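Visitor: got a structure for you, letters missing:
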């Protein structure tokens, strides 16, 4: 086997040193009550060529060649070859968490830069080395807000990605002290924060902006409302490109910002691995979960980087740690940093503008063929529209042509009658005007037939 | 060549300096093609419109050089031996990277209909089956995003089981050899920790559990082999006792690489175990993730697995969301899919030879233990599994500590073992070679350790001042924590 270097002679020599008669003898300490009796029932080992033929046949049935007009937590953006090329350097790929900083300065400086670039994006002073994904970043942000405020009630916008809210509920299920209040949608597609008035001592108000419907939330108003009640504003996002054009949530009053940064140079990959990010104000740094890289100096006074403030973490504080997280999405963070470096501030803004232009063009085009925007509130990349009667059948027909023309929101929001005939669409810079025109033409044709 | 002759691995080399990203570049440069919409520009209302993040603008070559230089300051498994105990830093096969990067997978949107994604669904379904088979349990879920997340998932299932049965359980038993993630995961589920003391031979004893097990105990969290590298040989009896008193058992799979094909967790009575795919199943650690932390369960916890779950109906794979007892979602979508592709590729490459991987991992560790035990203090002198734990007791008379030994190894071209863990051993040095290191590399590591022991006596200052061959020397961690500087200039 190509990954096992031992020759029979090596094995004999080593067994001799150890004092064992054969390999099985090494497992004498496993008692009969724990010992496996039957052999592993697994397919016969494949050669590299058999393996690639087999997995390529699976990848051929993956949907990767579809034309998708949808984001919903997974965004298509261009990734320059430079990024995966550099990210695949094995000094980055095959290293562990940088416990030995002197031989991990590459990872450490790159993550320090990542923290800085994300902080400049979110507008908050502290960013950790990453979380598993957007949903777990949200759940951890909620727990963090509870620790900071020592309160337990959470007011959660219904317009946060439904899957993320489900993950939050999974995390909170064993905690009997937590009250979850769902903030409904108002008619303009934003979150109705008014129930917060009746909410006694909230730990946090949790929003997503742009929200699941693509609508920018009124972050300053939400911040004011929750701050007045003594809670924190947790503002999440699933499309960082919106912040190429919009004010940062930190600058608008958010205390904790978390989200999904897959858009920054990571492929969609059927949903993973992606990149959870979390930023907060410096005041709350002792409560942020996850790894933090800090700048320091070595014995000769040279600049260097280390993992720091570890007394928050499980390996030091054990049951009193702020979280159990250790390995995160480090290599995804590194890849995102490479992407941010490649696109640059100017390029990011320009690309965000192209996203906005194309999405607005698509929204307008759909409005001209019988769709009706949910509201006039500003959106980014994604938008919800009331569909003309019979659209579900059309949507199905387009699937036969490998086109995913939006997502029905009725199944995701059975409780909101306003969304019963509503579909969510998404467009990014990976689509051209011609692609959108082709979608509109196909829709016109199907609607007519 | 004699097995123990020390030969310096490192050589002189030119290390290039590199500024921070924002100390480079000029406004107006770009490192990638930028799109044009060809459309009239739309705009956001003034109250929303901002200026965008202040990121530096760099050319493509500037970016390429920046990260290439940074990479040369790093050390990975591909650079050299990385015997980091409990982290199983085995070789990461390159075909797995190619499979994970296939455009079909990379570009697939997770909300495509099931009929369009039969390739992914089949892969996930088969991987779940293999993972359950390897540990001898019934079923698996691939959702957890890393090992600690798998632990959390396991404990959430145990909590859900007790809630569903109307039990009021508040405590979890934890051996004091446990990884810190175990008590932290228990605590996230609202359980308090009851410490199980280590027996004199380095493993838990049934009598200790007998004393601690009561009606308030939700279960036991156990790592087997434990973090001393020893098999918990009373575990089956311990589990029987825990079950008798209404508790469930979570097994931490951090050390599964020692026992594939040799131990049967189902037979032991384990209710849930997690895998670290970046340890046991060869996916790269990436300097801090992404990993994946699948869980496998027995009959009792099967209904509580996260949802949705992939099911096979005839020849077709579908998502099942009708799971009334499920703890719910653990991930935005279905888990760290492209990490799981690598684990799948590894299992298919190895097949039943996974057993041999465990055997050679255990052989390598025992060989190191035998070769070093006269020179370094071995607190538990008995056959080990995949790792062995020494201390600095024999070097302390020369004022050489575990830290100096670790830093000395760096100068010799090795990544140090895990140090100062497990906590039950004072100044621990925990060595896990893995099965992918050849006898020559293991011998070179042993020679380096013996050379360090000699230096401790003859020239201790070469160890206390180490490392000197790296980009930076020992770093001031105290100042970093006291005056945290976590970002560059914020603008």
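Guide: That came through, no problem. Treat the numbers as computed from the prediction; the structure is a model and nothing was measured.
Visitor: residues contacting the residue of the stretch 301-449 of chain A found nearest chain B?
Guide: Minimum separation of the stretch 301-449 of chain A from chain B (C-beta to the nearest C-beta) falls at residue A:330, amounting to 2.5 Å. Backbone N, C-alpha and C define where each C-beta goes, glycine included. By C-beta atoms under 8 Å, 6 or more residues apart in numbering or on different chains, the residues touching residue A:330 are A:97, A:107, A:111, A:129, A:130, A:291, B:286, B:287, B:288, B:289, B:290.
Visitor: got it, and residue B:275?
Guide: B:131, B:147, B:150, B:253, B:256, B:281, B:292, B:293, B:294, B:295, B:296.
Visitor: ok, now how distant is it from chain A?
Guide: 13 Å (C-beta to the nearest C-beta, to the nearest Å).
Visitor: okay, that residue: pLDDT?
Guide: Looking at residue B:275, its pLDDT reads 97.
Visitor: where's the closest residue in space to residue A:14 that isn't next to it in sequence, which helix or strand?
Guide: Take residue A:14 and drop its neighbours on the chain: the residue closest to it by C-beta to C-beta, 6 or more residues apart in numbering or on different chains is residue B:367, 4.6 Å away. Residue B:367 belongs to helix B:354-372 when elements are defined using DSSP states H and E.
Visitor: can you put the contacts of residue B:275 in JSON lines and add distance to residue B:392?
Guide: Formatted as JSON lines, these follow (distance: C-beta to C-beta, whole Å):
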{"residue": "B:131", "distance to residue B:392": "38"}
{"residue": "B:147", "distance to residue B:392": "28"}
{"residue": "B:150", "distance to residue B:392": "33"}
{"residue": "B:253", "distance to residue B:392": "30"}
{"residue": "B:256", "distance to residue B:392": "29"}
{"residue": "B:281", "distance to residue B:392": "33"}
{"residue": "B:292", "distance to residue B:392": "35"}
{"residue": "B:293", "distance to residue B:392": "33"}
{"residue": "B:294", "distance to residue B:392": "37"}
{"residue": "B:295", "distance to residue B:392": "37"}
{"residue": "B:296", "distance to residue B:392": "38"}
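Visitor: so which of the residues you listed comes closest to residue A:213?
Guide: Nearest to residue A:213 out of the contacts of residue B:275 is residue B:292 (C-beta to C-beta; 30.8 Å).
Visitor: so for the longest helix seen in chain A, mean pLDDT?
Guide: Longest helix in chain A, counting residues (DSSP state H): helix A:330-367. Averaged across helix A:330-367, the pLDDT comes to 98.
Visitor: the stretch 251-400 of chain B: strands as residue ranges?
Guide: Counting by DSSP state E, counting those that start in this stretch, one finds strands in the stretch 251-400 of chain B at the ranges B:272-274, B:295-297, B:309-313, B:316-320, B:388-391.
Visitor: is any residue of the fourth one near chain A?
Guide: No. Where contact is defined by C-beta under 8 Å from any C-beta of the partner chain, no part of strand B:316-320 touches chain A; the two come within 10.1 Å at best.
Visitor: which residues touch that strand?
Guide: For strand B:316-320, using C-beta under 8 Å, 6+ apart, the contacting residues are B:114, B:115, B:118, B:121, B:122, B:125, B:307, B:308, B:309, B:310, B:311, B:312.
Visitor: low-scoring stretches of chain A, by residue?
Guide: A:448-449 (pLDDT under 70).
Visitor: tell me which residue is most central in it.
Guide: Nearest residue to the geometric centre of chain A (C-alpha atoms, centre = their mean): residue A:260, 2.8 Å.
Visitor: which residues touch it?
Guide: Counting by C-beta under 8 Å, 6+ apart, the residues that residue A:260 touches are A:73, A:133, A:134, A:135, A:137, A:237, A:238, A:274, A:275, A:276, A:277, B:332.
Visitor: ok, now residue A:370?
Guide: Per C-beta under 8 Å, 6+ apart, neighbours of residue A:370: A:387, A:388, A:447.
Visitor: again, but for residue B:34
Guide: A:343, A:347, A:350, A:351, A:354.
Visitor: what separates the closest residue to the fourth one other than its chain neighbours from residue A:241, distance-wise?
Guide: What it means is residue A:351. For residue A:351, ignoring the flanking residues on the chain, the nearest one in space by C-beta to C-beta, 6+ apart is residue A:429 at 5.6 Å. Distance of residue A:429 to residue A:241, given as C-beta to C-beta, to the nearest Å: 8 Å.
Visitor: for residue A:362, same thing?
Guide: 16 Å.
Visitor: more neighbours: which of these two?
Guide: When residue A:362 and residue A:241 are compared for neighbours, residue A:241 comes out ahead with 27 against 23, by other C-beta atoms under 10 Å in any protein chain shown.
Visitor: count of neighbours near the closest residue in space to that one that isn't next to it in sequence?
Guide: Ranked by C-beta to C-beta, 6+ apart and with sequence neighbours excluded, the top spatial neighbour of residue A:241 is residue A:352, at 4.7 Å. Look at residue A:352: counted by other C-beta under 10 Å, it has 24 neighbours.
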